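Visitor: sequence and predicted structure are below.
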Amino acid sequence: MTRTERSIGRLMAAALALLASTASAADAASDESDRFHLAEAKGACDAQDFPAFVWPFANSGAVRERHSAASVRVTEGGRTRDVPARAYLDRGDFPIAMIDYSYVTGTSIRAFEAPGGGDPALLAYVEVDFRDAPGGRRRADWTEGRFEPGEGDGPGTLIERIGTSGSLVFEPAGGCWRLVEDIRNPAIPGR
């Protein structure tokens, strides 16, 4: 082995060690975030507080994995099908997330968090209404819209429904809830 090959080998080993430590740090941060969200979801379940349960569900893949039915009924583009939970979770396109006490579309939070993102103008705010549904189920109905700024946290008052909307349907399970249906309505023109 030549001197140059040994140097390249040492550089590659150092680069791989750096990548491994960076991945470990990212995994640790992800694990910490997941533990936090799982604890928040458990507290909401214990208190039977459905709205408090939805935000960690929306923000954590670990919570979605723990609290999704074996199969999730998905309606998109007028087509309904049952999707195995693993396939549903692996899509990585959950429709809503919470940021700074406000719900936004999943598409907009992914753009905001992507490299080169970070511009708050990328965020599309949604109104979320929590409702009872037949059979002891609960729904989180969400609608993207235009908001009139109000006082305090949040986007303000919904003044016009535009863009995407849908419903997340949960059934009671083990003292908590599990996602059984994700309904995504066609977009309303305007955004």
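Guide: Happy to help now that I have it. Numbers count the residues shown, from 1 in each chain.

Visitor: hey, let's count contacts and neighbours off CA atoms from now on
Guide: Noted.

Visitor: and the gap between Asp153 and Tyr101?
Guide: According to Cα to Cα, to the nearest Å, Asp153 stands 7 Å off from Tyr101.

Visitor: same deal with Leu122?
Guide: Relative to Tyr101, and taking Cα to Cα, Leu122 is found at 16 Å.

Visitor: so between these two, which is more surrounded?
Guide: A count of neighbours by other Cα atoms under 10 Å puts Leu122 above the other of Leu122 and Tyr101, at 16 against 10.

Visitor: just name whatever secondary elements the helix or strand harbouring Ala58 is in contact with.
Guide: Element membership for Ala58, per DSSP states H and E: helix 50-59. Counting contacts by 3 or more Cα pairs under 8 Å, 6 or more residues apart in numbering; DSSP states H and E, helix 50-59 is packed against helix 3-47, helix 61-66, strand 96-99.

Visitor: again, 6 Å this time
Guide: Contact analysis of helix 50-59 by 3 or more Cα pairs under 6 Å, 6 or more residues apart in numbering; DSSP states H and E lists helix 3-47 as its packing neighbours.

Visitor: now do stretch 112-132: everything it contacts.
Guide: Stretch 112-132 has contacts (Cα atoms under 6 Å, 6 or more residues apart in numbering) with 103-105, 108, 111, 138-145.

Visitor: correction: stretch 42-56
Guide: His37, Ala41, Cys176.

Visitor: next one: stretch 142-151
Guide: With contact meaning Cα under 6 Å, 6+ apart, stretch 142-151 is reached by 125-128, 155-166.

Visitor: are any of the residues you listed buried, and if so which?
Guide: Buried members of those, counted by 16 or more other Cα atoms under 10 Å: 125-128, 155-156, 158, 161-166.

Visitor: between which two of those is the distance greatest?
Guide: Greatest spatial distance in the buried ones among the contacts of stretch 142-151: Gly156 and Gly166, 20.0 Å, computed using Cα to Cα.

Visitor: so what does Arg137 look like in phi/psi?
Guide: phi -80, psi 160 (degrees, to the nearest 10).

Visitor: that's all I had, so thanks and see you.
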